[in-house]
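[1] Kindly generate the corresponding structure for this input.
(chains A and B)
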Amino acid sequence: MLQMLIGTNLPFMQYRRFAYLFSAALLAASIGWLVIHGGPYLSVDFTGGAVLQIRTSQVLPPDRVRQVLDGTGFRGVELQQMTGQNRDEFLLRFKAEAQDPFPSIQKALADRFPGVTVELRRKETVGPKVGSELQHKAIWAVLWSLGGILLYVGIRYEFKFAFGAVVSLFHDILITLGFLCFTGREVSLTVIAALLTIAGYSINDTIVVFDRIRERSKALRKEKHSRVMDIAVNETLSRTVITSLTVFLAALSLFIWGGEVLRDFSFAMLIGVGFGTYSSVYVASALALDIWILLERRKGVQAG
Amino acid sequence: MNRTDQWKLASVLLVTVIAVWYLFPSYQFYANYYNRTTQQLASVSSEKLASLRKKAIHLGLDLQGGMHLVLEVDRSKMNAAEGKDAVDRAMEVLRQRIDQFGVAEPLIQKEGEDRIVIQLPGLTERKRALDLIGKTALLEFKLVRTAEETRSVFDRLDGYLATHATATDTALRRTALSSHVLSMDFAAFVRSEDLPAVQQLLATPGLDSIIPGDAQLLWGAPEAASQGVTGRYLYVVKREPEMKGGSIATANAQIGLESTNPGSWGVSMKMTPTGRIDFARITGANIGRNLAIVLDGVISSAPVIRDRIPTGDASITGGSFNIETARDLAIVLRAGALPAPVHVLEERSVGPSLGSDSIQEGVLAAMIGTVMVCVFMLVYYQFSGLVAIVAMVLNIFYLLAGLAGLGATLTLPGIAGIVLTVGMSVDANVLVFERIREELRNQKSVRQSVQLGYDRAFRTILDAHVTTIISSVFLFQFGTGPIKGFAITLIIGLIANLFTNVFMTRMVFDFMLSRGKAETLSI
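    Predicted coordinates:
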């Protein structure tokens, strides 16, 4: 049979300080970015306003389109040309709900570029009331979900494991959020859905490792604590990596072929699954190890 | 095959048959009747079509195209008693208007205290629908003041403006209102160029108190013509309406209602029996005066009453109607006025081209993702991988059937959820297979390895599913339409996955083992 990652004996725990540094750096960068910019780029779902997605029969140069917009009295409107194969589409973002601007924009563009037709692909208008409501709903969804998951982990495992799992969960979500911000992607309701799915999923890998530790800790009583953790992580490595690989492939397919609307969502899934695996192997396990060592030393037992 | 396995096989077959039963209408509908022209659909009875559509998987607005609206009923000007059933009455009116608009499966629902959610799938005429829905359509008949009365009101206004003008444009300050008026009879005609100035003057604070309490200034239809000039009429009318829209029994779009403009469209109205009596009385008592037909605070026309009119016929005319706007106005008048104005709080419209693109892209990603996962499973786990793939296909099948059976809606994030379910559904099998491999490496027999693999892995599999289901449940609770679609896809997919994992895949292995001595396992 084809095997990979079997019989490995990688000394993960020995180098866990590097992992801590790496994670801390990424976390600091993510949190720093969020603080400086006052939060992630929120989509119109949360900010209120309007978004128009138009398609023109020919690719138009964005600066000319900008001129047309300014001339039609839409100076404050944010214009974004879409990328790749969709360069014939533009996204127009209005800060306040506009009372149906499309007909005048369509006319102005048709006048300026004769022979070009403009089609409205999508329009989303969100009043300020609804925008803030959706913000609240999103926050509640995140809080309840995280709470539910944490409660579940707390019941299933003892403190030292649960703490590591919790930290790795927040670590994954924050870093994914950070990457979304670094790449200038919008946080919309769909992206929140991705983050929550990642939360549920990232715990899975961690559970696999922890179950293995529980199973083997009796037999490995004689070994050093860090060795026990290493053995557990190595033994479950193939399982952890392959389960993440299958979901990663699925998310990758969505990212490449799933279309523009799902791109931010699938990007979040890719980052989340990737870091979820890393955090199960390093963050959760390493933290559990260090807490274990701490607790044992408090009891006066030799630990390392 | 032992008894347990026989039961397992029976349940899998049963569930599969039920799934086929639930999915068949979807296949029929989408393969044969979706996106066909009305001609092609002519051979099918509309009941059959409606029933198929209902049983098939519903496509979300982001896949079908259409409009989603959240309206708020503005009850600020109503007292508590009126306000309570204002929303229900508004819903009734809107329902009638939308029915006549001809959308296949419209959805109108009350949300909270004062909101209405409207969904119009497959809608292509966005602007028309918004106009139709947003129009308050308050119809009133008001008497216009005589020429002298109008003149005296304007004199009063001029006098007030001479002393109280606060216009920011200094050139405008303290000019008489009448100086901007082209002509004056029973109504003042204002040229288009002068309109902004007049509107500014009329907005002068305190001006309203000068107008007699029983009178009101109302504008006429835009783009009116007088003596070759375009502009608008400004009327002084009696504030209290003589009759209201409730007296209208029915309305129809018609051509040739205006003798001066025989090619133009308008709306002819017929009144209720009581309406007819009232109308006869009003016209009889006011011969020689003008009766203004006021729609949403704008005077559409103000014909002179020449005779008492006993027949209860009236019409709304005014050159700017075309066949569509006349028909829409007739729809709106028939359905009745909204009891209070509505504001659009949220609108999400997806054009049909984006909808079909999204379906194509979603399906493509789903297929490619599935192929990638399948290839990996076959290469890495060989025959066992094949078993896992069959289980995954069954999962997706059950998932779609579940969506159809629950009447849930498939959205674009829902398709993403299906793709993720593909990835997650093989995970349970991976956990089992890796465990089996490990036991085989530890020199356990094939039979023992399979048993240990399933037993030991089960707890972990259950945990993994529970955590993802927890977050999906809250997503469903707090999410909006497309997110709900995503959450429900994940939840059903994961439950289906637990089912196939416990019942189906294990049964296959047990069956193979029971056939004879299994020396090696293709895993």
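[2] Please make it C-alpha for all contacts and neighbour counts, starting now.
    Fine.
[3] I'd like to know how many residues surround B:Glu105.
    B:Glu105 has 14 neighbouring residues, counting by other C-alpha atoms under 10 Å in any protein chain shown.
[4] secondary structure class for it?
    coil (DSSP: H, G, I helix; E, B strand; the rest coil).
[5] So it versus A:Thr206, what's the distance?
    46 Å (C-alpha to C-alpha, to the nearest Å).
[6] May I see the buried residues of the helix or strand where B:Asp510 lies?
    Assigned by DSSP states H and E, B:Asp510 falls within helix B:506-514. Burial within helix B:506-514, assessed by neighbour count using 16 or more other C-alpha atoms under 10 Å in any protein chain shown, is assigned to B:506-507, B:509-510, B:513.
[7] That helix packs against which elements?
    Judged by 3 or more C-alpha pairs under 8 Å, 6 or more residues apart in numbering or on different chains; DSSP states H and E, helix B:506-514 is in contact with helix B:3-28, helix B:446-478.
[8] Next, the angle from it to helix B:446-478.
    Calculated by axes from the mean of the first three to the mean of the last three C-alpha atoms, to 10 degrees, helix B:506-514 forms an angle of 170 degrees with helix B:446-478.
[9] where does chain A dip in pLDDT?
    A:1, A:97-99, A:303-304 (pLDDT under 70).
[10] Who are the packing partners of whichever helix in it runs longest?
    For chain A, the helix with the greatest residue count under DSSP state H is helix A:225-257. Applying 3+ C-alpha pairs under 8 Å, 6+ apart, we find helix A:225-257 packed against helix A:189-217, helix A:263-278, helix A:285-298, helix B:352-406, helix B:412-441.
[11] How many neighbouring residues does residue 192 have?
    The chain I'm using is chain A. Here the number of neighbours of A:Ile192 (other C-alpha under 10 Å) works out to 21.
[12] nope, chain B
    Neighbours of B:Ser192 (other C-alpha under 10 Å): 16.
[13] which non-adjacent residue is nearest the closest residue to chain B within the stretch 201-304 of chain A?
    Closest contact between the stretch 201-304 of chain A and chain B, by C-alpha to the nearest C-alpha, is at A:Val247 (4.3 Å). Of all residues not flanking A:Val247 in the chain, B:Gly423 sits nearest, at 4.3 Å (C-alpha to C-alpha, 6 or more residues apart in numbering or on different chains).
[14] so what's that neighbour up against?
    B:Gly423 makes contact with A:246-250, B:370, B:373, according to C-alpha atoms under 8 Å, 6 or more residues apart in numbering or on different chains.
[15] Quickly check those residues for the two that are furthest apart.
    Farthest pair in these (C-alpha to C-alpha) is A:Phe248 and B:Thr370. Separation: 11.8 Å.
[16] so what's the residue most central in space within chain B bridging to?
    Central residue of chain B (C-alpha atoms, centre = their mean): B:Gln119, 2.2 Å from the mean position. B:Gln119 has the following beta-bridge partners by DSSP bridges: B:His68, B:Leu107.
[17] Distance to B:Pro341 for the helices and strands packed on helix A:225-257 - can I get that in JSON lines?
    Shown next, in JSON lines, are those (distance: least, C-alpha to C-alpha, whole Å):
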{"stretch": "helix A:189-217", "distance to B:Pro341": "30"}
{"stretch": "helix A:263-278", "distance to B:Pro341": "38"}
{"stretch": "helix A:285-298", "distance to B:Pro341": "59"}
{"stretch": "helix B:352-406", "distance to B:Pro341": "30"}
{"stretch": "helix B:412-441", "distance to B:Pro341": "34"}
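[18] Quick one: closest of these to B:Leu123.
    Nearest to B:Leu123 among these is helix B:352-406; the distance by C-alpha to C-alpha comes to 8.2 Å.
[19] Distance from that closest one to the middle of the chain?
    31 Å (C-alpha atoms, centre = their mean, to the nearest Å).
[20] following that helix, which helix or strand shows up next?
    Following helix B:352-406 toward the C-terminus (DSSP H and E): strand B:409-410.
[21] Residue ranges of each domain in the chain, please.
    Just going to use chain A. Annotated domains of chain A cover A:13-43+A:130-298, A:49-125 [automatic domain parsing].
[22] Chain B, not that one
    According to automatic domain parsing, the ranges for chain B are B:3-38+B:351-514, B:72-134+B:336-350, B:140-319.
[23] Show me the helices in the stretch 201-350 of chain B, by range?
    B:273-285, B:323-335 (DSSP state H, counting those that start in this stretch).
[24] Need the pLDDT of the closest residue to chain A within the stretch 51-200 of chain B.
    Of all residues in the stretch 51-200 of chain B, the one sitting closest to chain A is B:Lys127 (8.2 Å; C-alpha to the nearest C-alpha). With respect to pLDDT, B:Lys127 has a value of 81.
[25] what about it, distance to B:His68?
    Distance of B:Lys127 to B:His68, computed by C-alpha to C-alpha: 13 Å.
[26] Now B:Val70: which helix or strand?
    With DSSP H and E as the test, B:Val70 turns up in strand B:66-73.
[27] Could you tell me the angle between the very next helix or strand once past that strand and helix B:323-335?
    Sequence-wise, the next helix or strand downstream of strand B:66-73 (DSSP H and E) is helix B:80-99. Going by the same axes, to 10 degrees, helix B:80-99 is angled at 140 degrees with respect to helix B:323-335.
[28] Just the buried positions in helix B:80-99, please.
    Buried residues in helix B:80-99 (16+ other C-alpha under 10 Å): B:83, B:86-95, B:97-98.
[29] Can you tell me which of the domains of chain B is most buried?
    Sort the domains of chain B by mean neighbour count, taking mean count of other C-alpha atoms under 10 Å in any protein chain shown, and domain B:3-38+B:351-514 sits at the top with a mean of 20.
[30] ok now that domain, how far from the chain's centre?
    32 Å.
[31] Count the neighbours of the closest residue to B:Glu361 other than its chain neighbours for me.
    Excluding the flanking residues, the one nearest B:Glu361 by C-alpha to C-alpha, 6+ apart is A:Gly258, at 5.0 Å. As a burial measure, A:Gly258 scores 28 neighbours (other C-alpha under 10 Å).
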